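Asks: My questions concern the predicted model and sequence given below.
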Amino acid sequence: MHDLNRRSILSLGAALGLVGVAAPTKAWAWASADSVAGTGTGADPEYVWDSATDPLMVSLLENGQIPSVNTAMEKWVNNGDPLPSGLPAALTAHLRTFNKLPSWADTAKLTRAADFNRRKDTYLFMLYGLGSGIMSTVIPREARSVYWSFGGADMKDRAAKTFTFGYDLSQLRAFEPTGQFIVTANKTRLVHGAVRHLLPQSPHWKDGADQTIPISVADILVTFHSLGTYVHRKMRDWKIPMSAADEEAFLHSWQVAIYLLGVPTEYIPKTWAAAEAQSAQVLTPILAPTPEGLDLAEVLLGLTAEIDLGVTRGFLNEFVRYALSNEVGDWLKLPRDYAAAALVRTAWPAFILFREGLSPIMPGAFYMFDQFLRALAMLFLNKGGSGTTTPITIPTGNRPS
C-alpha cells in the first residue's frame with residue numbers, strides 16, 4: 001500500500017474538496033450525535049457488517065439456492081412490483097422487512113432531490129463518472145474487492161452495474177413505485193452479503209487484504225463519501241448554484257440510499273458538515289494506488305474512450321486530474337497533456353458561469369464542453385454502454401483463476 005504522510009493527506013484532501021482533513025487514525029472518533037439517529041453505541045463501523053442479511057446469504061449459498069433466486073428476481077425491477085414468487089421463505093420475509101422506505105424518509109425532500117438531479121444532471125453524471133468512478137480505483141479495499149470478486153472477471157459488465165446503481169438513484173422517480181432504486185438497493189445489499197461470505201475464500205483477495213471480512217459498514221460509508229459527499233463538495237467548489245433546500249434534499253436522498261444498503265442510522269450523517277467530518281476520517285486517509293485499481297481505472301477510462309466524447313484521451317486524463325488531483329492522476333499513471341490541462345482549468349469555470357446564466361460571455365470552448373457533457377450523460381443514461389438495464393445478480397463464487 002502506498003504510504004501517505006500527513007502533508008500529502010492534507011494536500012490531497014484539499015484537492016478533492018474535503019474539509020477538516022485529519023491524519024490517519026485507527027480510533028473511531030465520529031460523534032453519533034451528528035447522525036440521523038442522534039445517538040448510538042459508539043461502536044467502530046470497521047467491525048460492523050449486516051447482521052440482518054449476512055447469515056441469510058450464507059444459508060442460501062451453502063444450500064445452492066442462489067441460481068434459482070437470481071432467476072426469480074430477474075424480472076423484479078420497479079419499486080412497486082410485487083415480490084417475486086418462488087423465493088425461499090426466509091428471503092421473502094427479509095425483503096418484506098427491508099424493501100421499503102424507512103419511517104423517517106421525507107417524500108417531499110426525495111421529490112425535490114429528484115428535481116435537483118434533473119436540473120444538475122450533466123454535472124452529476126460527469127462527477128459520478130469521472131470523479132467518483134475513478135476515485136473508487138484508488139480506494140484500496142474497494143478496488144481489491146471488485147477485482148477479486150466474480151464481477152472482476154468482466155470489468156465492463158461490472159462498470160455497467162455500477163452505472164445502474166447511480167442511474168437508478170438519479171431517476172426522476174427513483175423512490176416512487178415506478179422508480180427502481182429501492183429494488184436496486186435491496187439487490188445490491190444481497191450481493192454485498194454474498195460477497196462477504198465468498199471473498200474470504202479467495203486466496204488472491206486474502207493475500208492483500210487488511211480485513212477478515214469485506215464490505216463493513218465503514219467501507220459502505222467510504223463509498224458514500226466518494227460519491228455523495230465528494231460530488232456535493234465539488235459542486236460547491238465550482239460555484240454551481242444550489243439552494244439550501246436543494247442541498248438538504250440531495251443529502252436526504254443519500255441518507256435513504258445508504259440506509260437501504262444496510263447502514264445503521266447511528267452512522268448516517270444528518271448534515272453535510274457532519275458528512276464532511278466523517279469523510280475526513282474514513283475516506284481521505286485511506287486513498288492509495290493498488291495494482292487492481294490501476295487495472296480497474298484503465299477499464300473505466302477505456303469504456304468512456306469507446307464513446308465519441310468529442311475530446312482526446314489527453315483531455316479526458318486531464319479532466320480526471322482536475323476533478324480529483326494531480327496526485328491521483330500520477331498514481332493512475334495518466335499521461336500529461338499540458339495544453340488540455342490549461343484548457344480545462346481556464347475554460348471550465350467560464351463554461352459553468354455561462355451555462356448557469358452567471359456570465360454573458362460564452363467561452364470559446366463552450367461547444368466542446370457541452371458536447372463532452374452530453375456524451376458523458378448519454379453514456380451514463382445508457383448504463384455504461386449496455387443499452388439496457390443491467391441485471392444485478394448474486395454471485396456464487398469469486399473471480400475465476
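Replies: Alright, I've got the coordinates. Residues are numbered from 1 along each chain as shown.
Asks: can you tell me how far the residue positioned nearest the centre of the chain sits from residue 233?
Replies: Most central in the chain under CA atoms, centre = their mean is residue 227, positioned 4.5 Å from the mean C-alpha point. Distance from residue 227 to residue 233, counting by CB to CB, to the nearest Å: 11 Å. All C-beta atoms are positioned from the backbone trio N, CA, C, and that covers glycine.
Asks: Next: residue 310.
Replies: Here the distance between residue 310 and residue 233 works out to 27 Å (CB to CB).
Asks: Look at these two and report which has more neighbours.
Replies: residue 233 (20 against 15; other CB atoms under 10 Å).
Asks: Next up, phi/psi of the more buried one, please.
Replies: phi -70, psi -40 (degrees, to the nearest 10).
Asks: Ok, residue 269 next?
Replies: phi -60, psi 140.
Asks: What residue spans form the domains of this structure?
Replies: Domain segmentation of the chain under automatic domain parsing yields 46-69+97-286, 291-381.
Asks: Quick one: closest of those domains to residue 398.
Replies: When these are ranked by proximity to residue 398, the top entry is domain 46-69+97-286, at 4.3 Å, counting by CB to CB.
Asks: Please identify the most buried of the domains of the chain.
Replies: Here the criterion is mean neighbour count by mean count of other CB atoms under 10 Å, and of these the winner is domain 46-69+97-286, at a mean of 19.
Asks: centre of the chain versus that domain, how much separation?
Replies: Averaging C-alpha positions (CA atoms, centre = their mean, to the nearest Å) puts domain 46-69+97-286 5 Å from its chain's average.
Asks: same for the helix or strand residue 196 falls within, what does it pack against?
Replies: Counting by DSSP states H and E, the element that carries residue 196 is helix 181-198. Where contact means 3 or more CB pairs under 8 Å, 6 or more residues apart in numbering; DSSP states H and E, helix 181-198 is packed against helix 54-62, helix 89-98, helix 155-170, helix 244-260.
Asks: So which other helices or strands are in contact with the last one?
Replies: Secondary-structure packing of helix 244-260 (3+ CB pairs under 8 Å, 6+ apart): helix 107-119, helix 181-198, helix 217-224, helix 230-237, helix 272-282.
Asks: Any chance of CSV for those helices, columns distance to residue 29?
Replies: Listed next are those as CSV, based on distance: least, CB to CB, whole Å:
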stretch, distance to residue 29
helix 107-119, 29
helix 181-198, 25
helix 217-224, 13
helix 230-237, 20
helix 272-282, 6
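Asks: what's the closest of those to residue 30?
Replies: helix 272-282 (4.9 Å).
Asks: C-alpha coordinates for that closest one, PDB please?
Replies: Extracted as PDB, the C-alpha positions of helix 272-282 are listed here (Å, rounded to 0.1, in the frame of the first residue of the first chain):
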ATOM      1  CA  TRP A 272     -23.300  17.900   5.200                       C
ATOM      2  CA  ALA A 273     -21.000  19.300   7.800                       C
ATOM      3  CA  ALA A 274     -21.300  16.000   9.700                       C
ATOM      4  CA  ALA A 275     -20.700  14.100   6.400                       C
ATOM      5  CA  GLU A 276     -17.600  16.100   5.700                       C
ATOM      6  CA  ALA A 277     -16.200  15.500   9.200                       C
ATOM      7  CA  GLN A 278     -16.900  11.700   8.800                       C
ATOM      8  CA  SER A 279     -15.400  11.700   5.300                       C
ATOM      9  CA  ALA A 280     -12.200  13.300   6.600                       C
ATOM     10  CA  GLN A 281     -11.700  10.300   9.000                       C
ATOM     11  CA  VAL A 282     -12.800   7.400   6.800                       C
END
